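Participant: Here you go, sequence then predicted model.
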Amino acid sequence: MSRLVALALLACPLPALADTPLSAEEFDALTRGRVLHFYSQGQPYGAERYEPDRNVTWTFLDGECKTGRWYPQGEQICFVYEGGEGPQCWSFFARGDKLRARFENGEGETEVYEAGEIDEPLTCLGPKIGV
């Protein structure tokens, strides 16, 4: 009887495990040294370079970049950027070779982003100078 129960459990999908947020260690292992491009509703949204010591560089793909850091807060990964307004916290989930990110700071509808690696460096044009 116990074998039948075990086989039945193995045959069942495990959505609870599939929707478990990545730990800080898992997130770091999957992102460190990579540049990930994020998409919202199939459209490019931004890109982020993940460096050692939890340092990051973010761009909305407009040539302007912000440096920052990430840190774990419970089951979430939070980011703070230079000149930003406090932390932005996300839950990250592994989906094959991609990540899914769910924004946790907002009220109302939750935004979901897909991320995949592209072999292109970030384009950071530097600060705007002049009038």
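Facilitator: Arrived safely.

Participant: Spit out the contact partners of the residue nearest to the spatial centre of the chain.
Facilitator: For the chain, Ala101 is the residue whose C-alpha lies nearest the centre (CA atoms, centre = their mean; 4.8 Å). Going by CB atoms under 8 Å, 6 or more residues apart in numbering, Ala101 touches 38, 90-93, 112-115. Yep, even glycine has a C-beta here, placed from its N, CA and C like the rest.

Participant: and if you look at Tyr50?
Facilitator: 28, 31-36, 56.

Participant: before we move on, what about Gln73?
Facilitator: Gln73 makes contacts with 87, 89, as judged by CB under 8 Å, 6+ apart.

Participant: tell me which residues form a beta bridge with it?
Facilitator: When bridges are called by DSSP bridges, Gln73 pairs up with Gln76.

Participant: what about the strands in the chain?
Facilitator: Ranges of strands in the chain, per DSSP state E, are 35-40, 43-50, 55-59, 65-73, 76-81, 88-95, 98-103, 112-117.

Participant: List only buried entries from the contacts of Tyr50.
Facilitator: When the contacts of Tyr50 are checked for burial by 16 or more other CB atoms under 10 Å, the buried set is 28, 31, 35-36, 56.

Participant: Of those, which pair is most distant in space?
Facilitator: In the buried ones among the contacts of Tyr50, two members sit farther apart than any others by CB to CB. They are Asp28 and Val35, at 15.2 Å.

Participant: Show me which of the contacts of Tyr50 is closest to Pro72.
Facilitator: Asp28 (9.2 Å).

Participant: ok, for the closest one, nearest residue in space, not its chain neighbours?
Facilitator: Beyond its immediate neighbours in the sequence, the residue positioned closest to Asp28 (CB to CB, 6 or more residues apart in numbering) is Arg54, lying 7.1 Å away.
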